[in-house]
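Engineer: Dropping the sequence and predicted coords here.
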Amino acid sequence: MTAKVLRRAAELVELGWCQHVPALNEHGDVVPFYAVDTPVVSVCFTTAVCRAEYEVTGGNPWYTPAAILVALQDELLAVGVVMDRPGSEVRWNNAPERTLEEVAALLRRAAARAEHRG
């Protein structure tokens, strides 16, 4: 299930990615990460994971299961992000040099790692 959630998060990022806000709707308005039923055209890294978790499992968007966090932590560590305090992944997403391709690739690598772990 973890791999499926992370693959879906990568797909959401590939459909539209944003920085400095959780998500944007078609009018450019900011949409909070927990508003999972609100249509959006772009999502940040964290919102992609929250929405994917909700879509795949029907889970609570306020809660990310430990297996997903472990898979993400391993991949974030591989790119130099230590999740030692809240917001580390947000700062990584919002870095000026970050690209949609990097974000989607990290999510896909995390999915592959989760799938390998079984």
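Structural biologist: Alright, I've got the coordinates.
Engineer: And the residue in the chain sticking out farthest from the centre, how close does it get to Gly16?
Structural biologist: Computed with Cα atoms, centre = their mean, the residue of the chain farthest from its C-alpha average is His27, at 21.9 Å. His27 sits 14 Å away from Gly16, taking Cβ to Cβ, to the nearest Å as the criterion. Placement of C-beta: from N, CA and C, glycine included.
Engineer: got a pLDDT number for the residue nearest to Ala105 when sequence neighbours are not counted?
Structural biologist: Spatial nearest neighbour of Ala105, chain neighbours left out: Ala10 (7.9 Å); criterion: Cβ to Cβ, 6 or more residues apart in numbering. Confidence at Ala10, expressed as pLDDT, is 98.
Engineer: again with Leu100
Structural biologist: 98.
Engineer: go on, Thr2?
Structural biologist: For Thr2, the model assigns a pLDDT of 90.
Engineer: Tell me who's in contact with it.
Structural biologist: Contacts were defined as Cβ atoms under 8 Å, 6 or more residues apart in numbering; by that measure Thr2 touches Pro65, Ala67, Ile68, Ala71, Ala111, Ala114.
Engineer: which pair in the residues you listed spans the largest distance?
Structural biologist: Pro65 and Ala111 (14.0 Å; Cβ to Cβ).
Engineer: My understanding was that Ala104 contacts Leu12; is that so?
Structural biologist: No: if you go by Cβ atoms under 8 Å, Ala104 and Leu12 don't touch, sitting 9.1 Å apart.
Engineer: the more surrounded of these two?
Structural biologist: Between Ala104 and Leu12, counted using other Cβ atoms under 10 Å, the more crowded position is Leu12 (24 against 20).
Engineer: before we move on, what SS does Leu72 have?
Structural biologist: At Leu72 the chain is in helix, as set by DSSP: H, G, I helix; E, B strand; the rest coil.
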